[in-house]
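Visitor: Sequence and predicted structure are below.
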Amino acid sequence: MKNKSIMQEVIENLPTMMVKETEVKQLGRPVNPDSERQKRLIELETKRANGELRRGRPVNGTSERQKRLAEMAARAEANGGSVKRGRPVSSNSARQQRLNERITKLESGIEIKRGRPAMVKEEQK
């Protein structure tokens, strides 16, 4: 029992025994709060806190790119959220018919071998 009480005392006093007081010195050059740079930094920080800070190049709403983006957004809204780009797919083309035929064969469980079919050799006499 005596050992427990000594251990408890040590554990309770451990944080205070390990604490060392250290002086913190400010390193580097002293900051002049009246300098132009410090004034600008304070101004930027207040704008950032208020949500008024805009970074980067401003957007020109009348540019050709902005018009094109607005048209694409309108088309996307009209088509249910997607804009198709490029040449449209013709469902009557030979390639599309071939692809659809292949998909139906795969769905029905027919095995399709990859590559060119082997040439049938005739038996020699």
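Guide: Received it, and whenever you're ready, just let me know what you need. Numbering: from 1, shown residues only.
Visitor: State the next helix or strand along the chain beyond the helix or strand of the chain with the lowest mean pLDDT.
Guide: Lowest by mean pLDDT, DSSP states H and E among the helices and strands of the chain is helix 2-18, with a mean of 69. Counting by DSSP states H and E, the next helix or strand C-terminal to helix 2-18 is helix 36-50.
Visitor: got a list of contacts for that next one?
Guide: 31, 32, 53 (C-beta atoms under 8 Å, 6 or more residues apart in numbering). Placement of C-beta: from N, CA and C, glycine included.
Visitor: Check stretch 81-90 too.
Guide: Counting by C-beta under 8 Å, 6+ apart, 72, 75, 76, 96 sit against stretch 81-90.
Visitor: what's the span of that stretch, first residue to last?
Guide: 22 Å (C-alpha to C-alpha, to the nearest Å).
Visitor: just to revisit the earlier point, with respect to residue 9, which of the contacts of stretch 81-90 is nearest?
Guide: residue 76 (72.3 Å; C-beta to C-beta).
Visitor: Not counting sequence-adjacent ones, nearest residue to the closest one?
Guide: residue 83 (4.7 Å; C-beta to C-beta, 6 or more residues apart in numbering).
Visitor: For that neighbour, what is the enclosing helix or strand?
Guide: Per DSSP H and E, there is no helix or strand for residue 83.
Visitor: I'd like to know how far it sits from residue 63.
Guide: 19 Å (C-beta to C-beta, to the nearest Å).
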